[in-house]
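Participant: Next input, structure requested:
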Amino acid sequence: MPFASIRIITEDVARLADFYELVTGATAVRAGEVFAQLSGPGATLAIGSSRTVAAVPGAAEAGANRSVIVEFRVDDVDAEFERLRDAAPAVVLPPTDMPWGNRSALLRDPDGNLVNLFAPIPGAAPAAG
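Facilitator: Presented below is the predicted three-dimensional model:
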């Protein structure tokens with residue numbers, strides 16, 4: 001089964017799409033006020049209004065995520081962190097070497113979702129996320 005995308009449900013599609021355009025450098029394809037999609041090599045991030053799941057009450061709640069991390073592998077964690085820190089509502093973890101072999105910085109997007117900017121540490125054991 002091919003992977004299609006991850007969709008974040010929000011009350012403000014434009015605000016979240018603008019943020020992820022800044023993070024990725026990609027331009028979101030927007031379908032009115034209710035949907036936007038950013039596609040890149042190997043992944044698609046979809047952003048949908050809470051109106052897109054209204055037919056299934058309680059299925060998804062905007063701004064309530066505390067279990068998923070949106071991750072971006074970058075060339076230079078410190079440089080990307082500096083570029084994005086003022087656009088992020090909160091810094092959770094400044095650039096830090098993790099024990100599993102990655103350098104990571106954690107930010108919150110405008111809806112409070114956790115965003116990980118990471119890069120493998122040269123010479124360390126390879127790891128994901």
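
Participant: Please verify my assumption that F35 contacts I47.
Facilitator: Yes - assessed by C-beta atoms under 8 Å, F35 is found in contact with I47 at 7.0 Å. Placement of C-beta: from N, CA and C, glycine included.

Participant: higher neighbour count, these two?
Facilitator: I47 (28 against 18; other C-beta atoms under 10 Å).

Participant: if I look at the more buried one, how far off is A36?
Facilitator: Distance from I47 to A36, counting by C-beta to C-beta, to the nearest Å: 5 Å.

Participant: shared neighbours, those two?
Facilitator: 13, 16-17, 28 (C-beta atoms under 8 Å, 6 or more residues apart in numbering).

Participant: Of those, which is the nearest to A88?
Facilitator: Proximity of the shared contacts of I47 and A36 to A88 (C-beta to C-beta) peaks at L16, which lies at 12.3 Å.

Participant: Please identify the buried residues of the helix or strand encompassing that closest one?
Facilitator: Assigning secondary structure by DSSP states H and E places L16 in helix 13-24. Residues 13, 16-17, 19-20, 23 are the ones in helix 13-24 that count as buried (16 or more other C-beta atoms under 10 Å).

Participant: Kindly report the same for stretch 96-113.
Facilitator: 101-107, 109-111, 113.

Participant: got the end-to-end distance for it?
Facilitator: With C-alpha to C-alpha, to the nearest Å as the measure, stretch 96-113 spans 19 Å from end to end.

Participant: distance between the helix holding L16 and the chain's centre?
Facilitator: 9 Å (C-alpha atoms, centre = their mean, to the nearest Å).
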